[in-house]
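Enquirer: I would like the atomic coordinates for the input below:
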Amino acid sequence: MSGEITIYTDGACSGNPGPGGYGVVLISGKHRLEKSAGFRITTNNRMELMAVIAGLEALKITGSKVAVYTDSKYVADSIEKGWVFQWESKAFKKKKNPDLWIRFLKIYRKHNVRFVWIKGHANNTENEVCDRLAVAASKGRLLEDSGYNPEDEDNMLL
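Expert: This next block holds a predicted model:
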């Protein structure tokens, strides 16, 4: 496969927890795909991570070279600083969103992925598209975020 696939992602949540959504833009050469989905009760961080997962799961060729652009420090730092691998080695004990991190790691390991943090709401065209997709999805047909557990929000860091 030639060239790098670019994925832009964003998550949105009204409340926190509350209704939320994610938006994703995938670009590969002349090809472009936009994806989004909304959930009844979720959190902003779950939607940020779900956007990345949805983007990576949309890839058709294993071993793809991918650049993921996200405005989520939670997502970018967790991977780029290696935190998620430490959490994994401890079975995600006392960490939020283990269901999504496990799902993420499964697809992440199938590709050559690098993360680029970008400032949100800073006139990055594709990030703004993702934001609009995420907000619209949070107000549309809402799915159940079956992995979200409100009890996980109490007394926990990251």
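Enquirer: thinking Gly120 is in contact with Asp10, fair?
Expert: Yes - the pair Gly120 / Asp10 is scored as a contact, 7.3 Å apart, by CB atoms under 8 Å. Where you see a C-beta, it was placed from the backbone N, CA and C, and this is true even at glycine.
Enquirer: out of the two, which sits in the busier spot?
Expert: Per other CB atoms under 10 Å, whichever of Gly120 and Asp10 has more neighbours is Asp10, with 31 against 15.
Enquirer: Now the more buried one: closest residue in space that isn't a chain neighbour?
Expert: Cys130 (3.6 Å; CB to CB, 6 or more residues apart in numbering).
Enquirer: what's around Thr62, how many residues?
Expert: Thr62: 9 neighbours (other CB under 10 Å).
Enquirer: what do you get for Ser28?
Expert: Neighbours of Ser28 under the rule other CB under 10 Å: 19.
Enquirer: pretty sure it is in contact with Gly3, am I right?
Expert: Yes - using CB under 8 Å, Ser28 makes contact with Gly3 at a distance of 6.8 Å.
Enquirer: the helices in this structure, which residues?
Expert: In the chain, the helices defined using DSSP state H lie at 44-57, 73-80, 83-89, 98-108, 125-138.
Enquirer: Could you say which of those is packed most deeply?
Expert: Mean neighbour count (mean count of other CB atoms under 10 Å) peaks for helix 44-57 among the helices of the chain, with a mean of 24.
Enquirer: Need the contact partners of it.
Expert: For helix 44-57, contacts defined as CB atoms under 8 Å, 6 or more residues apart in numbering pick out 7, 9-13, 16, 20-24, 26, 35, 37, 39, 66, 68, 70, 72, 74-75, 96-97, 100-101, 103-104, 107-108, 110-111, 113, 130, 134, 138, 145, 147-148.
Enquirer: ok, now which ones touch Arg141?
Expert: Neighbouring residues of Arg141 by CB under 8 Å, 6+ apart: Gly38.
Enquirer: quick one, phi/psi of it?
Expert: Dihedral angles of Arg141 (phi, psi; degrees, to the nearest 10) stand at phi -70, psi 120.
Enquirer: about what we covered before: dump the helices of the chain to a markdown table, plus mean pLDDT.
Expert: Formatted as a markdown table, the helices of the chain follow (pLDDT from 0 to 100):
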| stretch | mean pLDDT |
| --- | --- |
| helix 44-57 | 97 |
| helix 73-80 | 96 |
| helix 83-89 | 97 |
| helix 98-108 | 97 |
| helix 125-138 | 96 |
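Enquirer: Fine by me, thanks again.
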